[in-house]
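Visitor: I would like to see how this sequence folds:
(3 chains)
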Amino acid sequence: MPELPEVEVTRRRLVRELVGKSIKEVVLRVTKLRLPVPTELTTILPGRMLHGIERRGKYLLFDFGTGWLLVHLGMTGFLRLLSGSPQPGKHDHLDIVFDDGHLLRFHDPRKFGTVAWLDGDPLQHPLLSGIGPEPLSEEFNGSYLFEITRNRTVAVKQLIMNSEVVAGVGNIYANEALFRARIRPDRAAGTLTLQECIELVAVIREVLEGSIKEGDVCLVADETVAYYPQIFNVYGRGGKPCPGCGEPLDEIRLGNRSTVFCSSCQK
DNA sequence: AGAATTACCTGAGCGC
DNA sequence: TGCGCTCAGGTAATTC
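Guide: Residues are numbered from 1 along each chain as shown, chains lettered A, B, ... in the order given. Next up, the predicted model:
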């Protein structure tokens, strides 16, 4: 599933290949995603030049000067960069054809993704206006996390997955960061000390940056924009030995999300 | 306000 | 082979 690192690596590759190019044609096959895809895209986009691509959390923001194309990959979505006009497959919902022959194809079996057109300041849009600080920015630091967790009873894992608290930390990285910080995911957020908040922020940054680097390396050898192999300490390893102490990892559900941790290493 | 729950969607995996 | 079931989960909306 695309998490923040995959989205960032996708962004970097698309910046290299597409910025400065203009759109020739848009083919919209399926509009029924989590939010309806505006059919006006097929008339709004042709002729416009792509000025740049930004990212906010897991949202990609394509800058067309006087408007922005917003893309969220949901759980199963991905963008493929192709050339020519290859036959679309099942779940290939949207094609954006550039005038240099490139084709950006949005594919999403589960249709949890989002494609929208934003006029004006994209950060004022309801989908983005309530999002918390970027996890890789200075704004997300130990003091911030300490303050925002005070008197909160919710489990710390659910708190760091809350996009109002910090942008783009999904289930995989939440599990992974808490393991590295040696903090139990079901601890009430308000019980975290300042030291623990400092440590948790540091490991969140570490795991995200590590995956971004790994993804950049994979991209060199990969012509398509897709996922890249990753190895996790805890995610998907419930019942298997803890990489730290060898004890079996616990698997519980928090907020209906699969949560894996080591009850002997994480306190 | 904060916490908990539900809706959205389909492929994969499983038992029978 | 195929049916029915459960699970996966980001985010917004809804309820408590």
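Visitor: What are the buried residues along stretch A:148-167?
Guide: Judged by neighbour count using 16 or more other CB atoms under 10 Å, the buried positions of stretch A:148-167 are A:148-149, A:152, A:155-163, A:165-167. In short, each C-beta sits where N, CA and C put it, glycine included.
Visitor: Up against DNA strand C, what does chain A have?
Guide: Residues of chain A found near DNA strand C (CB under 7 Å from any atom of the strand) are A:1, A:3, A:34, A:57-59, A:72, A:74-76, A:110, A:112, A:126-127, A:130, A:161, A:163, A:168, A:170-172, A:235, A:253, A:256-258.
Visitor: Could you rerun that using 6 Å?
Guide: The interface of chain A toward DNA strand C, taken as CB under 6 Å from any atom of the strand, is made up of A:1, A:34, A:57-58, A:72, A:74-75, A:110, A:112, A:127, A:163, A:170-171, A:257-258.
Visitor: Mind telling me the two of these farthest from one another?
Guide: Across those, no pair lies farther apart than A:Leu127 and A:Ser258, at 25.8 Å, counting by CB to CB.
Visitor: circling back to that earlier point, now which of the residues of chain A next to DNA strand C would you call buried?
Guide: Among these, those buried by neighbour count (16+ other CB under 10 Å) are A:57-58, A:72, A:74, A:127, A:163, A:170-171.
Visitor: okay if I get these as a markdown table plus pLDDT and distance to A:Thr42?
Guide: As requested, those are exported to a markdown table (pLDDT from 0 to 100; distance: CB to CB, whole Å):
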| residue | pLDDT | distance to A:Thr42 |
| --- | --- | --- |
| A:Gly57 | 94 | 27 |
| A:Lys58 | 94 | 25 |
| A:His72 | 94 | 20 |
| A:Gly74 | 90 | 22 |
| A:Leu127 | 90 | 21 |
| A:Ser163 | 93 | 30 |
| A:Gly170 | 91 | 31 |
| A:Asn171 | 92 | 35 |
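Visitor: where does A:Ala54 sit relative to A:Gly255, distance-wise?
Guide: Ala isn't right for residue A:54; it's Glu. Taken as CB to CB, to the nearest Å, the spacing of A:Glu54 relative to A:Gly255 amounts to 29 Å.
Visitor: Work out the gap between the helix or strand bottoming out on mean pLDDT in chain A and the centre of the chain.
Guide: Counting by mean pLDDT, DSSP states H and E, chain A has its least confident helix or strand at helix A:194-220, which shows a mean of 87. For helix A:194-220, the gap between its own C-alpha mean and the chain's C-alpha mean amounts to 13 Å (CA atoms, centre = their mean, to the nearest Å).
Visitor: in the stretch 151-267 of chain A, which spans are helices?
Guide: Listed in chain order, the helices of the stretch 151-267 of chain A (DSSP state H, counting those that start in this stretch) span residues A:156-160, A:171-181, A:194-220.
Visitor: Of all the ones you listed, which one comes closest to A:Ser83?
Guide: Comparing the helices of the stretch 151-267 of chain A by their distance to A:Ser83 (CB to CB), the top pick is helix A:194-220, with 16.7 Å.
Visitor: Give me the residues contacting stretch A:205-215.
Guide: Stretch A:205-215 is contacted by residues A:3-6, A:8-9, A:135-136, A:140, A:169, A:173, A:176-177, A:180, A:228, A:230 when judged by CB atoms under 8 Å, 6 or more residues apart in numbering.
Visitor: Which two among those are spaced furthest apart?
Guide: Pairwise distances among those were taken by CB to CB; the largest, 24.4 Å, belongs to A:Phe140 and A:Tyr228.
Visitor: before we move on, the earlier item: just give me the closest of the residues of chain A next to DNA strand C to A:Gly65.
Guide: Distances from those to A:Gly65 were compared by CB to CB; the smallest belongs to A:Leu127, at 20.2 Å.
Visitor: Go through the strand or helix carrying that closest one and flag the buried ones.
Guide: A:Leu127 is located in helix A:126-129, with elements delineated by DSSP states H and E. Neighbour counts using 16+ other CB under 10 Å place A:127-128 of helix A:126-129 among the buried residues.
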